[in-house]
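**Student:** just coords:
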């Protein structure tokens, strides 16, 4: 985060800080975003690390409550917003799955205010860092030291269009890009596939397209998100017009020049323009 001093609270890693660039500490996806933060449109964010964060009896964060509040309020200052809406995403660093009473780590979207953020982080931590979670792992014979979790908290983007760009592979020629796009919030954020158009972009030209019937989208709602019906006039309309596809492709190539061709690049577009939501590292990163 260029020009911003990073807070030194234990268990907090700001996107762009040295720790956030280390995939062994925050995971490869967050490290990819951190490596792009200085020159690309990436939302301000910080990571909550567990350990040391944990949930105490009766669902309390104990001393970590004040640490989290300081980071959240600092994020508001960085964004120029009071009580900013955020995305709270839980990620297991290693191993990818552990004995737990939830099927997969939680994600909460459009969360606003100290108490709501505390509740979301508590829900993310409890299945992996609480007395009950440790008892469950002991029952399965899991050593405590193998479990590490990062909770990624970033400014929420109430996007109107989402897209994922990736190498076209067998669908095109070398250097071609496959674009998958739709309305509303990104399918990567909501956690399930959404109706999407598909395009093949070749040398700044849309070489091939398939327009899906997009009747449903996920949009922001008060205190969260909801599924919504897309207006009928947009059912068969391309979610991404050609000028925006070219802008997305240019951003993809700029990222590739920085880090090598990413396995995928998730983008969203709203009132503030294009933003990088997520980035999967190259399959064979440059040496």
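**Tutor:** Cool, got the structure. What you see is a predicted model; the values in this text were computed from it and never measured.

**Student:** where does the stretch 151-287 of the chain dip in pLDDT?
**Tutor:** 284-287 (pLDDT under 70).

**Student:** in it, what residue spans correspond to helices?
**Tutor:** In the stretch 151-287 of the chain, the segments counted as helices under DSSP state H, counting those that start in this stretch are 187-190, 242-259.

**Student:** quick one, which of those helices is packed in tightest?
**Tutor:** Each of those was scored by mean neighbour count; the highest is helix 187-190, a mean of 19, by mean count of other C-beta atoms under 10 Å. Where C-beta positions appear, they are placed from N, C-alpha and C, glycine not excepted.

**Student:** which strands or helices does that one pack on?
**Tutor:** When contacts are defined as 3 or more C-beta pairs under 8 Å, 6 or more residues apart in numbering; DSSP states H and E, helix 187-190 packs onto strand 107-111, strand 161-167, strand 273-280.

**Student:** for residue 138, see how far away residue 191 is.
**Tutor:** Between residue 191 and residue 138 the computed distance is 30 Å (C-beta to C-beta, to the nearest Å).

**Student:** same question, residue 163
**Tutor:** 44 Å.

**Student:** so which of these two has more stuff around it?
**Tutor:** Legend: neighbour count by other C-beta atoms under 10 Å for residue 163 and residue 138, higher for residue 163 (26 against 12).

**Student:** who's in contact with that one?
**Tutor:** Counting by C-beta atoms under 8 Å, 6 or more residues apart in numbering, residue 163 touches 179-182, 239-240, 248, 266-269.

**Student:** count the residues that sit near the nearest residue to it once chain neighbours are set aside.
**Tutor:** Leaving aside its sequence neighbours, residue 163 sits nearest to residue 181 (C-beta to C-beta, 6 or more residues apart in numbering; 4.0 Å). Residue 181 sits with 25 neighbouring residues when counted by other C-beta under 10 Å.

**Student:** touching, residue 181 and residue 162? I think so.
**Tutor:** Yes - under the criterion of C-beta atoms under 8 Å, residue 181 makes contact with residue 162 at 6.6 Å.

**Student:** between these two, which contacts overlap?
**Tutor:** Counting by C-beta under 8 Å, 6+ apart, the shared contacts of residue 181 and residue 162 are residue 239.

**Student:** the helices of the stretch 151-287 of the chain: which one's closest to residue 148?
**Tutor:** helix 187-190 (21.9 Å; C-beta to C-beta).

**Student:** what residues are up against residue 75?
**Tutor:** Counting by C-beta under 8 Å, 6+ apart, residue 75 makes contact with 44-46, 84, 86, 153, 155.
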